[in-house]
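A.B. asks: Got a predicted structure here, sequence first:
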Amino acid sequence: MISFGKETVGNLKIASRKEWLLTNGIGGYASSTITGCNTRRYHGLLVAATKPPLGRMVLLSKLEEVIGIEEASYQLSTNRYPKTIHPQGYLLLQGFKMDPFPKFIFSVENIIVEKEIAMVRGENTTIITYRIYNSGRAINFVASPLIACRDSHWLMREDKEFNPSLEVKNSTISIRPYLDTPTIYIQGKDLSFIPGGCWYHSFEYEVERARGLDFIEDLYDVGYFMTSVKGEAEFSIIASDKPINKGLDIERIKAEEKERIQKIIELSGAGDEIETTLVKASDCFIVDRKIKAEGEGETVQAKTILAGYHWLSDWGRDAMVALEGLTLITKRYSDARAILTNFAKNSKGGLIPNNFPEWGEKPQFNSMDASLWFIMASYKYLAATGDLEFINKTLFKKLEEIISSYKKGIDFGISMDEDGLIYSNENRYRLTWIDSRNEELFIPARYGKVVEVQALWFNVLMMLDEISSQLGMWNPKYKELAEKVRESFCKKFWCTEEGYLFDCIWKNKVDSSLKPSQIIAVGLPFSILPRDREKNVVEIIHKKLFTPLGIKDFTKTFKDSSQVQKNDFSRRDNSFHQVNIWVWLMGYFIEAYLKVNDNSITAITRAKMMLEPLFEHIKDTGVGFLSEYFDGNEPYAPKGCIAQAWSVAELLRIKKILEELERSQVKQNAYLRIPV
């Protein structure tokens, strides 16, 4: 459980930086800050996945609640408008808990009001429950739903085309503002409804302002739910994109969800509070996605991994990097199979999807390395489960197809050169992780022969050598090619003057600036470099790019004269490349650090200390999660997604590695102490 007291929730500046997130397993979610003040366009009590797991729309933005006691009225919500905060419900907040649902505790005179938010698993349905404690006095409760009904990437402004017509049946209302949007259903359990209808104007979203985007929104008030009670009471408001069963058993739904989460934690073998928190976080990224079955037109349920909340879809590279930490470390092997099956079924010509677009368009395949990460994820799955039958039946032909396609040449100019190395001769596309991460960042496309792609290529060849051997289909071609790749890599990528690896090479040009991706080459299972060079790489990355929160992408801000245009999305001159710190690379750095230090007790102890600042970050920004990246300059402000799949996955993975190494060292030391 993560909780915050009055000193935090009562400080709007601090509390506005802490965001909660609740998910439903199909891509939908509820999210806001721990005061309930929305600071992003992506915040809302019901953000529905209308084309699961994507097509996300903010349906119910928030509720405006009022507690009436005799002649006094107390507003519980908090909003930012131009030059003012109104209401200031955060001043009534006594605390916030995430256990496992977000819970707000208000104190109004001598009355305690508890507000808890839950979602129905597998549905776009949010339940907001209020409990009144310690009250012998008569009180009135009023809650006004404010709806947006828009794409989660957009903002709503008062619109003449908006249809305000309500259908009211007892305590359930429905409204369909546009013909091409879902109907929104809102039900008051033990509440009556009074129709209204007006616009609230000019909500300001502070994070959007900081991102250089439009940040003002109007929301529509449909009316209000109300009740009068004396003594302790409980009532709920339910919002959904489908008709709501009047007899919905809220307590059963919550109990089942708590039990499901507890089983995931127990299955994972989580040994401490940090690990438990990370395991709970990991569950939010694993969602349902339908794929075509063998039969024409039929679909079956599979799984995928959303790269990050609030806006990223399922990206192939991210999913494959994150698969080990999210599913294998946590022993969710059936989910791992379903994810691998999904990407295998959606592959095309030796490439797995780079990403699935928001509104159901065909997958995009513009990635040089996602398919290589797919092979590595398959190898890791086999190592964890020994499931040769699944590999043989479902994946092996795809793995061979990827290798064959890379050798012959595939889309985006990706092919194998005569020296055995992989290249792309297209500089129009963003094909690697560092140049395709985020629309807010502009980094020149890396093309030619890219350092981590060669290390991955060498590793997957070695992995195919092992897998084919285990399947009784061994062929020397994989290992022979791997040796050729190693020889070419060591000859062409080593920068003797600097003592580290070039980032990219192409024809007679090299990028000799110090970049972080080379740490992947050292951290991968099969070593492409001799040990002395691995040590050099780790030492210089540690000295120049390591920070307590991850690995920097550049040593300092620099200007690229080839880029002078301004990007409408980020509204800044993208010729300047700001330094950023990437959390997910910490996993590969620590694995490389342990490797070159022979997994010594000293190295293990230091590696554990390196992770401490990130463990502290779990209580900040995305509460219970890890951010995508950080600003490269102090105070290292978190950036990008508040909850990033591969950030969570890599910390889970590396934490488990450290635990296993520590246990092994303890056993070894105990053995050495046995008297002879």
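C.D. replies: Everything's here; your move. Residues are numbered from 1 along each chain as shown.

A.B. asks: List the buried residues for the lengthiest helix in the chain?
C.D. replies: Longest helix of the chain, by residue count under DSSP state H: helix 645-672. Neighbour counts over helix 645-672 (16 or more other CB atoms under 10 Å) mark 645-659, 661-662 as buried. Yep, even glycine has a C-beta here, placed from its N, CA and C like the rest.

A.B. asks: How about stretch 416-434?
C.D. replies: Across stretch 416-434, burial judged by 16+ other CB under 10 Å covers 416, 420-424, 426, 429-434.

A.B. asks: Take the residues you listed and keep only those in strands.
C.D. replies: Per DSSP state E, strands hold the following members of the buried residues of stretch 416-434: M416, I422, Y423, S424.

A.B. asks: ok, so of the residues you listed, who is nearest E114?
C.D. replies: Relative to E114, the closest of these is S424; by CB to CB it sits at 55.6 Å.

A.B. asks: And that closest one, how far from D417?
C.D. replies: Using CB to CB, to the nearest Å, one gets 11 Å for the distance from S424 to D417.

A.B. asks: cool, S334 as well?
C.D. replies: Applying CB to CB to S334 and D417 gives a distance of 40 Å.

A.B. asks: what does Y74 give?
C.D. replies: Here Y74 is placed at a distance of 70 Å from D417 (CB to CB).

A.B. asks: Number of residues surrounding A383?
C.D. replies: Using other CB atoms under 10 Å, A383 is surrounded by 14 other residues.

A.B. asks: secondary structure class for F630?
C.D. replies: Assigned by DSSP: H, G, I helix; E, B strand; the rest coil, the conformation of F630 is strand.

A.B. asks: which ones are touching it?
C.D. replies: Counting by CB atoms under 8 Å, 6 or more residues apart in numbering, F630 touches T547, L549, G550, N580, I581, V583, Y636, A637, P638, K639.

A.B. asks: Which members of these are positioned in strands?
C.D. replies: Short answer: the contacts of F630 in strands (DSSP E) are T547, G550, N580, I581, P638, K639.

A.B. asks: Of the residues you listed - the most surrounded one?
C.D. replies: Most neighbours among those, by other CB under 10 Å: G550, with 30 neighbours.

A.B. asks: what's the distance between that residue and S627?
C.D. replies: Separation of G550 from S627 (CB to CB): 9 Å.

A.B. asks: strands paired with the helix or strand containing K62, and their directions?
C.D. replies: Assigned by DSSP states H and E, K62 belongs to strand 54-69. As defined by DSSP bridges, the strand partners of strand 54-69 come to strand 44-51 (antiparallel), strand 72-75 (antiparallel), strand 138-151 (antiparallel).

A.B. asks: Helices of the stretch 151-300 of the chain, residue ranges please.
C.D. replies: Ranges of helices within the stretch 151-300 of the chain are 206-210, 250-268, 273-285, based on DSSP state H, counting those that start in this stretch.

A.B. asks: wait, which of those is closest to T23?
C.D. replies: Nearest of these (CB to CB): helix 273-285, 4.3 Å.

A.B. asks: tell me, what's touching G550 and S627 both at once?
C.D. replies: Residues touching both G550 and S627 by CB under 8 Å, 6+ apart: V583.

A.B. asks: So what sits opposite D631 in the bridge?
C.D. replies: Counting by DSSP bridges, the residues bridging with D631 are N580.

A.B. asks: just checking, it touches W582?
C.D. replies: No. Assessed by CB atoms under 8 Å, D631 is found out of contact with W582, at 11.7 Å.

A.B. asks: ok, those two, which is more surrounded?
C.D. replies: Taking other CB under 10 Å, D631 and W582 do not tie; W582 has more neighbours (28 against 15).

A.B. asks: What does the pLDDT read for that one?
C.D. replies: On pLDDT, W582 comes in at 97.

A.B. asks: Repeat that for V623.
C.D. replies: 98.

A.B. asks: And for K566?
C.D. replies: Here, the pLDDT recorded for K566 equals 30.

A.B. asks: next one: N427
C.D. replies: 79.

A.B. asks: Next: N11.
C.D. replies: Per-residue confidence at N11 stands at 98 (pLDDT).

A.B. asks: what about the nearest residue to Y29 once chain neighbours are set aside, neighbour count?
C.D. replies: Of all residues not flanking Y29 in the chain, T23 sits nearest, at 4.7 Å (CB to CB, 6 or more residues apart in numbering). Other residues near T23 come to 24 when the count uses other CB under 10 Å.

A.B. asks: In stretch 471-478, which residues are buried?
C.D. replies: Y478.

A.B. asks: Sorry, wrong one. I was asking about stretch 196-210.
C.D. replies: W199, Y200, F203, E204, Y205, E206, V207, E208.

A.B. asks: Surely the third one touches D214?
C.D. replies: Meaning F203. No. Here F203 does not reach D214: they are 11.8 Å apart, not a contact under CB under 8 Å.

A.B. asks: remind me which residues of the stretch 551-676 of the chain are low pLDDT?
C.D. replies: Along the stretch 551-676 of the chain, the model assigns pLDDT under 70 to residues 557-577, 670-676.

A.B. asks: one more time with 80, if that's ok
C.D. replies: Counting by pLDDT under 80, the ranges of the stretch 551-676 of the chain that qualify are 556-578, 666-676.

A.B. asks: picking up where we left off before, would you turn the buried residues of stretch 196-210 into a markdown table with distance to L351 and pLDDT?
C.D. replies: Converted to a markdown table, those look like this (distance: CB to CB, whole Å; pLDDT from 0 to 100):
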| residue | distance to L351 | pLDDT |
| --- | --- | --- |
| W199 | 47 | 98 |
| Y200 | 47 | 98 |
| F203 | 42 | 98 |
| E204 | 43 | 98 |
| Y205 | 37 | 98 |
| E206 | 40 | 97 |
| V207 | 35 | 97 |
| E208 | 34 | 97 |
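
A.B. asks: I'd say D241 and R176 touch.
C.D. replies: No. The criterion here is CB under 8 Å, and D241 misses it with R176 at 10.4 Å.

A.B. asks: So between those two, which is more surrounded?
C.D. replies: Each of D241 and R176 had its neighbours counted (other CB under 10 Å), and the higher figure belongs to D241 (20 against 16).

A.B. asks: can you put the strands paired with strand 54-69 in JSON lines and add mean pLDDT, distance to E19 and mean neighbour count?
C.D. replies: As requested, the strands paired with strand 54-69 are arranged in JSON lines below (pLDDT from 0 to 100; distance: least, CB to CB, whole Å; neighbours: other CB atoms under 10 Å):
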{"stretch": "strand 44-51", "mean pLDDT": "98", "distance to E19": "12", "mean neighbour count": "25"}
{"stretch": "strand 72-75", "mean pLDDT": "97", "distance to E19": "22", "mean neighbour count": "14"}
{"stretch": "strand 138-151", "mean pLDDT": "97", "distance to E19": "18", "mean neighbour count": "21"}
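
A.B. asks: Just tell me which of these ends up closest to A15.
C.D. replies: Closest to A15 of the strands paired with strand 54-69, according to CB to CB: strand 72-75, at 16.7 Å.

A.B. asks: chain center to the closest one: distance?
C.D. replies: The chain centre lies 38 Å from the centre of strand 72-75; the measure is CA atoms, centre = their mean, to the nearest Å.

A.B. asks: Low-confidence ranges, the stretch 251-400 of the chain, go.
C.D. replies: Counting by pLDDT under 80, the ranges of the stretch 251-400 of the chain that qualify are 292-298.

A.B. asks: Ok, the stretch 51-200 of the chain next?
C.D. replies: 134-135.

A.B. asks: all strands in the stretch 501-650 of the chain, in order from the N-terminus.
C.D. replies: 504-506, 509-511, 546-547, 550-552, 558-559, 566-567, 572-573, 576-577, 580-582, 629-631, 638-639, 643-644 (DSSP state E, counting those that start in this stretch).

A.B. asks: Please apply the same query to the stretch 1-150 of the chain.
C.D. replies: Shown for the stretch 1-150 of the chain, the strands assigned by DSSP E, counting those that start in this stretch span residues 2-4, 19-23, 29-33, 44-51, 54-69, 72-75, 78-81, 84-88, 93-98, 102-108, 111-119, 125-133, 138-151.

A.B. asks: is it possible to export the ones you listed to TSV including distance to E256?
C.D. replies: Formatted as TSV, the strands of the stretch 1-150 of the chain follow (distance: least, CB to CB, whole Å):
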stretch	distance to E256
strand 2-4	22
strand 19-23	15
strand 29-33	18
strand 44-51	20
strand 54-69	23
strand 72-75	34
strand 78-81	32
strand 84-88	35
strand 93-98	18
strand 102-108	18
strand 111-119	11
strand 125-133	13
strand 138-151	26
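
A.B. asks: All set now, cheers.
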